[in-house]
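**Q** one predicted model, sequence on top.
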Amino acid sequence: MKKILLLALTGLLAFNVLAQTNVENFTRKDIMKLTYDELLEMPLDQVLKLAAIMGVSSDELFEMIMNKSVSSASKKEESSFTSPLSSTVITRDEMRTYGISSIEEAFRLIPGMIVTEKTNGVYDIQMRGLNNIPDNNMFLYSENNNALIMVDGRPVQNYAMGAVNFDMIPIDIEDVERIEVVRGAASALYGANAVSGVINIITEKPNENSKLVSGSFQAGSQNTYVGNLGVRKAFNSKIAAGATFNFQYRERPTDKLYVIPGQAGLYYNDNEALMPAAGEIVKTPYTYGSLDEKGVLTLNGVGSVQLDADKNPVLSSLTLEEGKTADDFKSALNNFMLSYLQHQTIFSGLTEVFEGGYYSVDQIDHFKQIYPNEYDANGNIVSYRLFDAKEPETPGSQMFPHPEIARRNIGINAYLRYTPIEQVAINFTAGYQNSYVNTTPVGDDFFSFNGRTSKTAYAAVDASIYGLKLLANYCGGPQEYAVGVPGFKVYPKTLNLSAEYDFNFDFGLSVRPGISYQNVLTEDYSPIRDSVGYGWSYADPGYRYDENDPNHLSGFFNYTCKMTTFAPSIRLDYKVGDFRFIAAFREDKTNIPDKWTPSWQLAANYNINENNFVRVVYGRANRGTNMVSCGSNFDWTRTNMVYPYKLHFAANEDPALVKIDNFEVGYRTKPSDKLLIDAEVFYSISSDFGALMANTAAMQINKANAANIAATMASGLKIYEDLYGGKEGLVAAVAQNPNLMKEALQKMLSGSGDNYQAEGFDMGMIMQPYASIKYQKLPYKVKQLGVSLNVDYIISPKLIAKMNANYQNTTIDNYYEYSQTNDIMAMLTETKTKASAELSQDFANIFNNYLVGGMDIQTSISNVLSSRLNGSTYDFGNTAISHDDSSTPKENGVKHEATPTFYGMVGLIYKPITKLEISAFANYIGKRTYKLMYGSTTLNDRCTVNMKVGYKPIQNVEVFVNAHNLFNTKQREFTCSDEIGGIYTAGVTFNF
Amino acid sequence: MRRLLLLLVTMLLMRPALQAQDEKFKALFLYNFTKHIEWPSEKQGGEFVIGVLGKSPVTKELQTIAEKRVVGANQKIEVREMTPNDNYTDYHIIYITDKYSDHLDAVIGKTKGRGVLVITDKEGLASLASCINYVKVDGKQNFEICRRHVDSQGLKVSAQLMTLGIKVD
């Protein structure tokens, strides 16, 4: 072959015209086979032609794999190879090549990203983990809240719940030019929440090179439909505009819900009609008697009788206790039979759902919690109490209008780019999104999904005017974090303004001072009454509390919560020779907490040569606050549910903010221009984690019941007076037995029958346990030591490989196992003891005022009770928990198992011929254990493979088939979520 | 896990057959320029010295060429790596790598009229001061050439080279 070429070349040199034709037909392979001597023999015009052929074909690969640019790491566009921080860029072309069908899925290709799919197209995205801290708490703490996500520099944080919800982002793949991921603390560059890093999604701005029409559509199994369309046009060199539209409709593999395993007392009975109602006490038969092996039925305190073979009493054998008649025995027998039947009803055909599993929405509505209510002296259960497992006010049909849908969303976006002169570029963008997903519930439900909706609009301007960079954006719209559950509908309005200026000095220094301002206004009221009748109240802005408005307690915040941040910042970037030094400082002044929070980042780079680059980075960053921490004001009324009957979510106006110190050393190398290796070692220490923890408790008597209580007490006293021969007689009796009236009180109040005795709440239904929880700090110190490796390798023009591998060890020092549930129970027990003493004392006072002081009984009662009045309740046994855990025994080096130790991916793109492209990637994630409110669940390591085959009949169109989870692995990726299985789609991508 | 490692090791071991094609072409271009440029008579004897300011794979490519070819009748090629402290005048050609583009003014200042062909590798530099500037046009390696700057260095350029490159005023 080489000889033939040489021959041809010789010929070419002789016949110039022929030569030109032939050189133009050379392929890259042909050129690479030429020796130096052959090349040196060629005249410059030929060499130029060869260079052109080499250039074009290598360029596609290079641009896609090797020569990416990144701007998030230093706020200036630069080659990703010399990016000063640990960063990775993924372009839209690369996503499309790998068959990525949503922005979330693209993170599977990026090192440091832990991507788990909850159900078809609904993800949990973590950067380096630190998720599920603190454990044994709400699901909320397992959502992504350590990485800041931005679209063109606009944060898309969920400031209400403190996490990132990707379903609320209006853009999709067609909008994306590239996604930049910067790992490591980055608050100094971008503000709060950039704890483990920053994700900046850079959209394609319409320009003269934009395709007029581009997009993709695919459809497939699990009723999956995904579409993207973009139209972009440059009107002249100064003005270009575009619009995009995207939608996703994806169904879950089932329309059932997963009941979280490990919940004691949770029962399910298909035939609810036979079940006693919630709130009922069911006495066990042996309260009334017992049946021995010989068939002798003994009825307690009445007598006994022998039963014959047909279980009929043999009347001749009836023996009665002293003073009892046959009629007494008959009625006692009726009670025994009734309780026996009730007991049979409640427990026959009943399944305890301790192991969890999938149940329909209708079945979930029928779940009951059955707790022992009362024990006898021997510890036998005397009676059970039935609770509703789920609030009957929020039936499943309301919470799950579409249990079969995983995700349903649309987004539209408009872009306008104005570049009047070279040094000025102004981008206007605006858009709208409307989404519904079934995802992790924000609260602590016993099942693992909940609907979430969002309908937001945004408008943004970013302008570069010489060295000045201005950003202004606004986003707002109703969002419902738990569809159908009162209180979780909010209306956040987020405004961001920032200005930065670049001063560049000749000696290599650039200085970038800046200021930024953020205003997050969250309201859960609306001037328009919600058609469903829950969620939003009528209250006016700033109107916090209105007892007469039945809706006033329906919101989670019940007022307008405003969180503002003002932050000056400065960034110094100094290049000297092969070295580069960066120092960035920023200080955030927030209104909640009312203080300044500093963050910083120091980086040093050494460019060993063009192909080797070393970076060292140290940064301090912090999480921002969120509404749940600092603005909660929510009463969760739990009628007929397990105590407390009311749980209040209280605000902490000085919440601790998670902070992290992160050290990082990284090395990038290009051993050849086809191989790019990026490795980093990082070590971080984070602290100031917090959770909703037990706060205060009381035993409450509703004000509305006051009259009943007074009447009960008054009539009780009357009975006792009569019993002891009038007032004087009672005084004398009490003088002999000081506990007499206390015992009397207990008899009176327990008359309502419901006594929670099993848990010690024996003061009757008239008194209800109330608890509040509040965001408070835990002493945890979380340490993470890790290493990430990313390799891009163009093995040949036809075969391109990619891999990343991440190993990290996450441990917690100062750890003790905090359980919100246990803490609330302990607090309530203390409250109950206190309340019991207080009530006795109060009654002694009432008694004293009446008997000794001669006060009218009604006045005496209301005088004493009024001192207990707190709002709409009389509170007894007020208890406030101070979380002084300084003396709590703690452990160091406790392995945090919710963050995987090892995860990564390997991908290959194979292009056997120009028109055909085959790609596949395998994703691996190690074993994880999530600790939730109800117990812990372990997910074994898993590996899934995605594969795409694309064919381009013409240059502008690709038809493809895409296998998401090719081998149909039915193993859940995220705790208690769906076992998704394989999703196979076919589609088309086009650009004209 | 083991498979991942295996793949990684395989990838690392399989040294790519491809050389840095861009750098190769830059060196080839540079060698070809010597055929189209006339140096002043005092520089037409002795060694033909090519200086590369900054570290670049182009140096290695040029050294390969130096082993295989001479300039003109018998001028042996010598390739030197330069530092910014150099006097710059002893060279026939100075190739300033992208990273050292800031030094263009200093190089031109010391070599004006002294028969040194200054080649740069960054967009826009041909119109600024350099004689020839490597550029990529639509991903294709090409070069810009400025007759005014070639002239002011005391060199003569062939009409053919002017037609092959992208002319810059």
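**A** Received the coordinates, thanks.
**Q** quick one: list the elements packing against the host helix or strand of A:Val490.
**A** Taking DSSP states H and E as the definition, A:Val490 sits inside strand A:489-501. Secondary-structure packing of strand A:489-501 (3 or more Cβ pairs under 8 Å, 6 or more residues apart in numbering or on different chains; DSSP states H and E): strand A:154-155, strand A:468-476, strand A:479-480, strand A:509-523. Quick note: C-beta positions are derived from backbone N, CA and C, even for glycine.
**Q** what angle do the helix or strand that the longest one is followed by and strand A:509-523 make?
**A** Note on strand A:509-523: by DSSP H and E, the next helix or strand toward the C-terminus is strand A:561-576. Using axes from the mean of the first three to the mean of the last three Cα atoms, to 10 degrees, the direction of strand A:561-576 lies 170 degrees away from that of strand A:509-523.
**Q** buried ones in the next helix-or-strand element following strand A:561-576?
**A** Later in the chain than strand A:561-576, the nearest helix or strand by DSSP H and E is strand A:579-590. For strand A:579-590, the neighbour count (16 or more other Cβ atoms under 10 Å in any protein chain shown) marks A:Arg580, A:Phe581, A:Ile582, A:Ala584, A:Phe585, A:Arg586, A:Asp588, A:Thr590 as buried.
**Q** what's next to strand A:579-590, contact-wise?
**A** A:74, A:84, A:187-189, A:191-192, A:563-574, A:595-607, A:622, A:624-625 (Cβ atoms under 8 Å, 6 or more residues apart in numbering or on different chains).
**Q** please redo it, this time with the cut-off set to 7 Å
**A** A:74, A:84, A:187-189, A:191-192, A:563-574, A:596-606, A:625 (Cβ atoms under 7 Å, 6 or more residues apart in numbering or on different chains).
**Q** what subset of these is buried?
**A** Neighbour counting with 16+ other Cβ under 10 Å marks A:74, A:84, A:187-189, A:191-192, A:563, A:565-567, A:569, A:571-574, A:597, A:599-605, A:625 as buried within these.
**Q** worst-scoring helix or strand of chain B, pLDDT-wise?
**A** helix B:2-13 (a mean of 52; mean pLDDT, DSSP states H and E).
**Q** which residues touch the most centrally placed residue in chain B?
**A** With distances taken as Cα atoms, centre = their mean, the residue of chain B nearest its centroid is B:Tyr95 (4.0 Å). Counting by Cβ under 7 Å, 6+ apart, B:Tyr95 touches B:Leu30, B:Ile50, B:Val52, B:Leu53, B:Val58, B:Ile119.
**Q** okay, and it sits in which element?
**A** strand B:93-96.
**Q** now that strand, how far from the centre of its chain.
**A** In terms of Cα atoms, centre = their mean, to the nearest Å, the centre of strand B:93-96 is set 5 Å apart from its chain centre.
**Q** before we move on, what about stretch B:148-166?
**A** The answer for stretch B:148-166 is 15 Å, by Cα atoms, centre = their mean.
**Q** same deal with stretch B:55-62?
**A** Chain-centre distance of stretch B:55-62: 9 Å, with Cα atoms, centre = their mean.
**Q** who wins for neighbours among the contacts of B:Tyr95?
**A** Counting neighbours by other Cβ atoms under 10 Å in any protein chain shown, B:Ile50 comes out on top of the contacts of B:Tyr95 with 28 neighbours.
**Q** that residue contacts B:Met82, doesn't it?
**A** No. Using Cβ atoms under 7 Å, B:Ile50 is not in contact with B:Met82; the gap is 9.9 Å.
**Q** any regions of chain B where pLDDT drops low?
**A** Along chain B, segments meeting pLDDT under 70 span B:1-20, B:139.
**Q** err, chain A, not the other one
**A** For chain A (pLDDT under 70), the answer is A:1-22, A:27-29, A:55-67, A:271-275, A:348-349, A:524-555, A:558-559, A:709, A:745-766.
**Q** name the residues of stretch A:828-842 that are buried.
**A** A:Leu828, A:Thr829, A:Thr831, A:Lys832, A:Lys834, A:Ala835, A:Ser836, A:Glu838, A:Leu839, A:Ser840, A:Asp842.
**Q** same thing with stretch A:606-614?
**A** Those buried within stretch A:606-614 under the rule 16+ other Cβ under 10 Å are A:Asn607, A:Glu610, A:Asn611, A:Phe613.
**Q** also near chain B: which of those residues, exactly?
**A** A:Glu610 (Cβ under 7 Å from any Cβ of the partner chain).
**Q** got a list of what the residue most central in space within chain A touches?
**A** Closest residue to the average C-alpha location of chain A: A:Glu143 at 2.9 Å, with Cα atoms, centre = their mean. Residues near A:Glu143 by Cβ under 7 Å, 6+ apart: A:Asp124, A:Ala163, A:Thr440.
**Q** what about residue 78, how many residues nearby?
**A** Just so you know, I chose chain A. 14.
**Q** nope, chain B
**A** Count around B:Glu78 with other Cβ under 10 Å applied: 16.
**Q** residues touching it, list them.
**A** Going by Cβ under 7 Å, 6+ apart, the list of residues near B:Glu78 reads B:Glu47, B:Phe48, B:Val49, B:Ala66.
**Q** any idea how far the closest residue to B:Gly54 other than its chain neighbours is from B:Leu155?
**A** Nearest residue to B:Gly54 in three dimensions, chain neighbours excluded: B:Thr97, at 3.4 Å (Cβ to Cβ, 6 or more residues apart in numbering or on different chains). B:Thr97 sits 21 Å away from B:Leu155, going by Cβ to Cβ, to the nearest Å.
**Q** so where do the strands sit in chain B?
**A** Secondary structure of chain B (DSSP state E): strands at B:37-38, B:48-53, B:70-71, B:75-82, B:93-96, B:117-120, B:132-137, B:140-145, B:156-157, B:166-167.
**Q** contacts only, for A:Thr696.
**A** A:Ser772, A:Asn878, A:Thr879, A:Ala880.
**Q** how close does A:Asn132 sit to A:Glu979?
**A** On the measure of Cβ to Cβ, A:Asn132 and A:Glu979 end up 20 Å apart.
**Q** more neighbours: those two, which one.
**A** Taking other Cβ under 10 Å, A:Asn132 and A:Glu979 do not tie; A:Asn132 has more neighbours (24 against 14).
**Q** contact partners for the more buried one?
**A** A:Tyr141, A:Ser142, A:Ala898, A:Tyr930, A:Lys931.
**Q** determine which two of the contacts of B:Tyr95 are furthest apart.
**A** B:Leu30 and B:Leu53 (13.5 Å; Cβ to Cβ).
**Q** for the residue of the stretch 351-500 of chain A found nearest chain B, grab the count of nearby residues.
**A** Closest residue of the stretch 351-500 of chain A to chain B, Cβ to the nearest Cβ: A:Glu422 (11.9 Å). Other residues lying near A:Glu422 total 6 when counted by other Cβ under 10 Å.
**Q** next: B:Ile37.
**A** B:Ile37 has 21 neighbouring residues, counting by other Cβ under 10 Å.
**Q** make sure it is actually in contact with B:Val157.
**A** Yes. Between B:Ile37 and B:Val157 there is a contact under Cβ under 7 Å: 5.7 Å.
**Q** sorry, back to before: can I get the CA coordinates of the strand holding A:Val490 in PDB?
**A** Written as PDB, here are the backbone C-alpha positions of strand A:489-501 (Å, rounded to 0.1, in the frame of the first residue of the first chain):
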ATOM      1  CA  LYS A 489     -48.200  24.700  48.200                       C
ATOM      2  CA  VAL A 490     -45.900  27.700  48.100                       C
ATOM      3  CA  TYR A 491     -45.300  30.600  45.800                       C
ATOM      4  CA  PRO A 492     -41.500  31.400  45.700                       C
ATOM      5  CA  LYS A 493     -40.300  34.400  43.900                       C
ATOM      6  CA  THR A 494     -36.600  34.600  43.400                       C
ATOM      7  CA  LEU A 495     -34.700  37.700  42.300                       C
ATOM      8  CA  ASN A 496     -31.000  37.700  41.600                       C
ATOM      9  CA  LEU A 497     -28.900  40.700  40.700                       C
ATOM     10  CA  SER A 498     -25.100  40.800  40.300                       C
ATOM     11  CA  ALA A 499     -22.400  42.900  38.800                       C
ATOM     12  CA  GLU A 500     -18.800  42.100  38.300                       C
ATOM     13  CA  TYR A 501     -16.000  44.000  36.600                       C
END
